[in-house]
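*Asks:* pasting the sequence and the predicted model now:
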Amino acid sequence: MRFVPTDGKSEPGPERYRAKVEMTRAPVLRALGFLSAWGRGAASLPADAQATAGGRAVLSLGRPAYAGDRFRRATRECLLGIAAVDAMLEDARPDGGRSAREAIAGERTALLYVTAGAYVPSNRLFIERAGGGTHFAYTAPAVVPAEVAIEFHLGGPSAIFIGGPPATLQAIWYAARLLEARACDRALVLAVEIFEECSDLYARGARLTARPLVEAAACAWLEPGLGTLGLECDRGRRRRDPEGIRRRLGEAFACEPFAALDLGRRAALSECFEVSGVWQGQRATLSWTGAFAGAATRGTGAAPAVSAARTER
């Protein structure tokens, strides 16, 4: 993030800074897999998450059923990451006679992983049970993209982003830069958030999060496009939620922008699409043209604002 002073003073302060908007060539969203405790895809979201949750503070996605010795020790967050990529592959069309799984394999596919806290349960388990070296690796955020890369034979550039919705939007931006630089032919942006194992800890900090906390996993397949992508980052502002993503989904941290993307493409929004998110006083907004290949409608080109907002603390 680069901040530009607006009042001529050199002393930093969140209210005296405006964000610099950076532009790059936009990717196109080829496929999207979105899983939440509500079901598959944004179409499964209720009108009111809090009312539908019926007082439950945490909604779990459970443990995906994957057979084989390789998955025996794998943690839930790893399996949910794999399940999100599988859902994305089901959403994709075949590529020149190749299956979608074959199309993403190899060194020309980048993998960018985002989470705010999916690694927390494994850390808690390791600390409380005094785990040995076998389980130590699962305390690191890197284990999820590592398991996904092994399963789908991905060998391209990779990066990890820690944070909420703004981190996801920054990962999409980074993917666009990789594509523009021809460092990869396609980029997968993956996010996983789980809460069940630490529901008591979240209950102690209830004022810091909305309710319900909804487990989710999502993956977006991005390829080079012809539109433009603008990223704006700033701080010290609240962000409203005009499309009701938080109201419909609940709190899902880094996975929230994927719900906005899925709703946007399902609604066949115009080519100018805006998605934003706020996390602990930091805000990011992507202005994206040409995001939904074949889904755009003719119109004025005004940007529909879809927000994955988090209450300022």
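*Replies:* All right, it came through fine.

*Asks:* hey, which helix or strand in the protein has the poorest pLDDT?
*Replies:* Across the helices and strands of the chain, mean confidence by mean pLDDT, DSSP states H and E is lowest for strand 3-5: a mean of 29.

*Asks:* quick one: the closest residue to Gly155 other than its chain neighbours from Ile82, how far?
*Replies:* Excluding the flanking residues, the one nearest Gly155 by CB to CB, 6 or more residues apart in numbering is Glu107, at 4.1 Å. Every residue, glycine included, has its C-beta placed from N, CA and C. Per CB to CB, to the nearest Å, Glu107 is found 20 Å from Ile82.

*Asks:* the more surrounded of the two?
*Replies:* More crowded of Glu107 and Ile82, by other CB atoms under 10 Å: Ile82, with 23 against 12.

*Asks:* correct me, but that one touches Tyr66?
*Replies:* Yes - counting by CB atoms under 8 Å, Ile82 does reach Tyr66; the two are 6.8 Å apart.

*Asks:* right, and the residue nearest to Gly155 touches His153 too?
*Replies:* No - Glu107 lies out of contact with His153 (CB under 8 Å); the separation is 9.6 Å.

*Asks:* out of everything not next to it in sequence, what's closest to Ala252?
*Replies:* Leaving out its chain neighbours, the residue that sits closest to Ala252 by CB to CB, 6+ apart is Ala216, at 4.4 Å.

*Asks:* please verify my assumption that that neighbour contacts Pro257.
*Replies:* No - counting by CB under 8 Å, Ala216 stays clear of Pro257, with 10.9 Å between them.

*Asks:* residues of stretch 140-156 that come out buried?
*Replies:* Residues Pro141, Val143, Val144, Pro145, Ala146, Glu147, Val148, Ala149, Glu151, Phe152, Leu154, Gly156 are the ones in stretch 140-156 that count as buried (16 or more other CB atoms under 10 Å).

*Asks:* now find how far off-centre stretch 148-168 is within its chain.
*Replies:* 10 Å (CA atoms, centre = their mean, to the nearest Å).

*Asks:* where does Thr300 land on pLDDT?
*Replies:* Note for Thr300: predicted pLDDT of 33.

*Asks:* let me see the ranges of the strands in the stretch 201-313 of the chain.
*Replies:* Applying DSSP state E, counting those that start in this stretch to the stretch 201-313 of the chain gives strands spanning 213-214, 216-235, 272-279, 282-289, 305-308.

*Asks:* got it, and the stretch 51-200 of the chain?
*Replies:* Under the criterion DSSP E, counting those that start in this stretch, strands of the stretch 51-200 of the chain are mapped to 58-59, 109-115, 158-162, 186-193.

*Asks:* take those strands and lay them out in a markdown table including mean pLDDT.
*Replies:* Below are these laid out as a markdown table (pLDDT from 0 to 100):
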| stretch | mean pLDDT |
| --- | --- |
| strand 58-59 | 94 |
| strand 109-115 | 98 |
| strand 158-162 | 96 |
| strand 186-193 | 98 |
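
*Asks:* so for Gln280, which of those sits nearest?
*Replies:* Closest approach to Gln280 among these (CB to CB): strand 158-162, 11.6 Å.

*Asks:* what about Glu232, neighbour count?
*Replies:* Neighbour count of Glu232, defined by other CB under 10 Å: 18.

*Asks:* what residues are bridge-paired with it?
*Replies:* Beta-bridge pairing for Glu232 (DSSP bridges): Thr285.

*Asks:* rebuild the strands of the stretch 201-313 of the chain as a markdown table, extending it with distance to Ala49 and mean pLDDT.
*Replies:* Listed next are these as a markdown table, based on distance: least, CB to CB, whole Å; pLDDT from 0 to 100:
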| stretch | distance to Ala49 | mean pLDDT |
| --- | --- | --- |
| strand 213-214 | 7 | 95 |
| strand 216-235 | 12 | 94 |
| strand 272-279 | 17 | 87 |
| strand 282-289 | 22 | 90 |
| strand 305-308 | 13 | 48 |
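
*Asks:* what residue ranges in this structure score low on pLDDT?
*Replies:* Within the chain, the segments meeting pLDDT under 70 span 1-20, 94-97, 130-138, 206, 236-243, 268-271, 293-313.

*Asks:* change it to 50
*Replies:* Within the chain, the ranges that satisfy pLDDT under 50 run 1-17, 294-307, 309-313.

*Asks:* which stretches in it count as helices?
*Replies:* For the chain, the helices defined by DSSP state H occupy 49-53, 76-91, 100-104, 120-128, 133-136, 143-152, 165-180, 199-204, 245-249, 256-266.
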